[in-house]
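# Give me the fold of what follows.
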Amino acid sequence: MKYLRQLAIILLICFIGEILNHLIPLPVPASIYGIILMFLLLLSGVLKPESIRETARFLIAIMPIMFVAPAVGLMDSWSEVASSFAKYLVILLVSCVIVMGISGRITQRILRYTDRPDAGNADEGNNDADGLETGNADAGGSDADNAEAGNAADPDSTDGKEAQP
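This is a model prediction of the structure:
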């Protein structure tokens, strides 16, 4: 019964996304309205993650099966797609590289911000242009961060390398 209730919640949010798609005159798919609505409900605390967790995990687990029908449809219309296959491939590769690059840069910035000992306090400490803490090992950060910067907390540490005389 718990799974049916969780599925009903997810389907209700999807249905509201469909309604929003018909009411709002924007070229946005109904699924995007639904996912934004789900995000906002989870973010605001109106919808607790526990109330949909098991069904959401199940749906994610079976997601690869959902790609079978589009793949069969692509094979069925291959004669129409074959003439433009090179163009589709270039678009796919370029967009993939762009998405990976942007995602990587955003992830790096988030990690830099969250790894700082003074995250959220930009006016404290000795910050360089990127907003990263600089200075010696006493300035903060983990030993791994300080070792990368060339100022390890343990001067006898050789990282597994033999000391040079």
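# Show me the contact partners of stretch 22-42.
10, 13-14, 16-18, 20-21, 47-49 (CB atoms under 8 Å, 6 or more residues apart in numbering). Where C-beta positions appear, they are placed from N, C-alpha and C, glycine not excepted.
# Can you say which of those residues are buried?
Buried residues within the contacts of stretch 22-42, counting neighbours by 16 or more other CB atoms under 10 Å: 10, 13-14, 16-17, 20-21, 47.
# Break this structure into its domains for me.
2-109, 116-151 (automatic domain parsing).
# export the ones you listed to CSV and tack on mean pLDDT?
Listed next are the domains of the chain as CSV, based on pLDDT from 0 to 100:
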stretch, mean pLDDT
domain 2-109, 94
domain 116-151, 50
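# just to revisit the earlier point, secondary structure and distance to S77 added to the buried ones among the contacts of stretch 22-42, as TSV?
Below are the buried ones among the contacts of stretch 22-42 laid out as TSV (DSSP: H, G, I helix; E, B strand; the rest coil; distance: CB to CB, whole Å):
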residue	secondary structure	distance to S77
I10	helix	31
I13	helix	32
C14	helix	27
I16	helix	33
G17	helix	28
L20	helix	31
N21	helix	26
L47	coil	39
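# Which pair in those has the greatest spatial separation?
N21 and L47 (20.1 Å; CB to CB).
# and the longest helix for this protein?
Criterion DSSP state H: the longest helix present in the chain is helix 85-115.
# and that helix, how far from the chain's centre?
From the chain centre to the centre of helix 85-115 is a distance of 11 Å (CA atoms, centre = their mean, to the nearest Å).
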